[in-house]
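Asks: no FASTA, just this:
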């Protein structure tokens, strides 16, 4: 007798994957009006939180490789939202800085978190608990992968 494999709907990884896709579908029209993709939005959120970060700092905060962040920053620079410049003390380091247009875009993005929360059907405390559980899952998986 052979063991059967689970159906996708029975897998935790599939539930997380499918939820991420559904979340991106909700974000898409909200971000289109800003001219941003979801990964670009994450970079902008990071810079709105702390301008002038290095590529490495942005990468670390978003759990992405620098080789993924660099093309995002190049597209944001082409759109006039950020500038990239070599660090004055270490030329190997590139810093991303918001332009005036990049800072102004923040105001247009202020309603997005509320729209997303509304789409989840969760109240704020439940959303925070779920986020914390998913963060715990990510940390456990990262430890297992190392």
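Replies: Ah, there it is. Not measured: the values here are computed from a predicted model.
Asks: Contact partners for the residue at minimal distance from the centre of the chain?
Replies: Nearest residue to the geometric centre of the chain (CA atoms, centre = their mean): residue 42, 3.5 Å. By CB atoms under 8 Å, 6 or more residues apart in numbering, residue 42 lies in contact with residue 62. (Each C-beta comes from the backbone N, C-alpha and C, glycine too.)
Asks: Regarding it, what are the backbone dihedral angles?
Replies: Reported as degrees, to the nearest 10, the phi and psi values for residue 42 are phi -60, psi -40.
Asks: Residue 36: neighbouring residues, count only.
Replies: Using other CB atoms under 10 Å, residue 36 is surrounded by 23 other residues.
Asks: related to what we said a few turns ago, any idea how far the residue nearest to the centre of the chain is from residue 4?
Replies: According to CB to CB, to the nearest Å, residue 42 and residue 4 sit 38 Å apart.
Asks: Ok, residue 109 next?
Replies: 46 Å.
Asks: what's the answer for residue 71, then?
Replies: Between residue 71 and residue 4 the computed distance is 42 Å (CB to CB).
Asks: ok, now residue 19?
Replies: Residue 19 is 25 Å from residue 4, by CB to CB.
Asks: Comparing these two, which residue is more hemmed in?
Replies: Between residue 19 and residue 4, counted using other CB under 10 Å, the more crowded position is residue 19 (13 against 6).
Asks: what about that one, which SS state?
Replies: Look at residue 19: counting by DSSP: H, G, I helix; E, B strand; the rest coil, its state is helix.
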